[in-house]
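Q: I need the structure of the sequence given here:
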Amino acid sequence: MSVPFYVSPEQIIKDKADYARKGIARGRSVIVMQYADGLLFVAENRSRALHKIAEIYDRIAFAAVGKYNEFENLRVAGIRLADLRGYSYDRRDVTGRSLANAYAQTLGTIFTETQKPYEVEIVVAEVGETPHDDQLYRLTFDGSVGDEHGFVAMGGSAEQITSALKERWVEGMSFETALRMSVELLGSAPALAAAAGNGAAAGEPARILTPAQLEVAVLDRDRPRRKFRRISGVRLAELLGVVDDSDEAGGAAD
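A: Numbers count the residues shown, from 1 in each chain. So this is what the prediction gives:
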């Protein structure tokens, strides 16, 4: 009689975590940053249909990296939960904290009870009446949740981008400054990785990202009720000082 193959619970958890991290590291990075009048979301994303950034509710938005089908399931579930709670009780009862807690429970259950964990990392952001009231929650594949301040970077170059943001981000930045800095750091990600000794080609030049390569949105504190809006096309090109190479005629969409 053969002896059943045994794997310790610690090894199973470690293998799951390593698997999820590798999947997330293959994704292009996303930056979520606080600026004077709200929260800015910038992602390197060449797809016009598969969004990494989306509105969840009036003051709440969602950003993600990893496997699209998995974080899209989470996005849809968050919208349904927010709509149900807002309809059943009051729109003010829908908060970023409650959504982050719900996502943490879901991701934690998937990580511990299923064979394959979700290869995703997400941010739930809520814009407040003042910068002090803004909320940023970062959730990892195992359901861990962190209450962040000022900025969050996710994806393959998150560690290097975060280090650069710690040196350059200041409270009360203007929208234009925050946008240009975010795009610059996303374009410099390979060079930052090389400087950190992560295997990228040494001396690799920074890329100049254009509107066709970017997905940009904001939670604008000064907008009435629905705070989320996308920035694209000609308007984004003007802000970055580059030629508009996107196929969008408009400059911004709600």
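Q: which other residues reach the helix or strand hosting Phe62?
A: Per DSSP states H and E, Phe62 falls inside strand 60-66. Outside strand 60-66, the residues that touch it by Cβ atoms under 8 Å, 6 or more residues apart in numbering are 23-24, 27-30, 32, 39, 41, 43, 52-56, 71, 74-75, 78, 82, 94-96, 99, 118-126, 141, 154-155, 217, 219, 228. Yep, even glycine has a C-beta here, placed from its N, CA and C like the rest.
Q: mind running it again at 6 Å?
A: By Cβ atoms under 6 Å, 6 or more residues apart in numbering, the residues outside strand 60-66 that reach it are 24, 27, 30, 32, 41, 52-56, 71, 75, 96, 119-123, 125-126, 154-155, 219, 228.
Q: also stretch 99-109?
A: Contacts of stretch 99-109 (Cβ under 6 Å, 6+ apart): 78, 81, 124, 137, 139, 143, 145.
Q: which parts of that stretch are buried?
A: Within stretch 99-109, the residues that count as buried by 16 or more other Cβ atoms under 10 Å are 99-100, 102-104, 106-108.
Q: before we move on, the earlier item: the strand holding Phe62 pairs with which strands?
A: Its sheet considered, strand 60-66 pairs with strand 53-57 (antiparallel), strand 120-126 (antiparallel) by DSSP bridges.
Q: any chance of CSV for those strands, columns mean neighbour count, mean pLDDT and distance to Asp15?
A: Formatted as CSV, these follow (neighbours: other Cβ atoms under 10 Å; pLDDT from 0 to 100; distance: least, Cβ to Cβ, whole Å):
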stretch, mean neighbour count, mean pLDDT, distance to Asp15
strand 53-57, 22, 97, 31
strand 120-126, 27, 97, 18
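Q: how about JSON lines for the ones you listed, with distance to Asp244 added?
A: Output for the strands paired with strand 60-66, formatted as JSON lines (distance: least, Cβ to Cβ, whole Å):
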{"stretch": "strand 53-57", "distance to Asp244": "19"}
{"stretch": "strand 120-126", "distance to Asp244": "27"}
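Q: how about those strands, which one is nearest Asp133?
A: In terms of Cβ to Cβ, the element of the strands paired with strand 60-66 nearest to Asp133 is strand 120-126, at 8.3 Å.
Q: where does the stretch 151-254 of the chain have low pLDDT?
A: Low-confidence regions of the stretch 151-254 of the chain, defined by pLDDT under 70, span residues 190-204, 248-254.
Q: ok, which stretches of it are strands?
A: Using DSSP state E, counting those that start in this stretch, the strands found in the stretch 151-254 of the chain span residues 151-154, 214-220, 228-231, 252-253.
Q: and the strand holding Phe62, how far from the chain's centre?
A: Relative to its parent chain, strand 60-66 has a centroid offset of 4 Å by Cα atoms, centre = their mean, to the nearest Å.
Q: CA atoms only: put it into PDB for me.
A: Extracted in PDB, the C-alpha atoms of strand 60-66 (Å, rounded to 0.1, in the frame of the first residue of the first chain):
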ATOM      1  CA  ILE A  60     -15.800  55.400  -5.000                       C
ATOM      2  CA  ALA A  61     -13.500  54.000  -7.700                       C
ATOM      3  CA  PHE A  62     -11.600  50.800  -8.300                       C
ATOM      4  CA  ALA A  63      -8.200  50.100  -9.800                       C
ATOM      5  CA  ALA A  64      -6.600  46.700 -10.400                       C
ATOM      6  CA  VAL A  65      -3.700  44.800 -11.800                       C
ATOM      7  CA  GLY A  66      -3.500  41.100 -12.600                       C
END
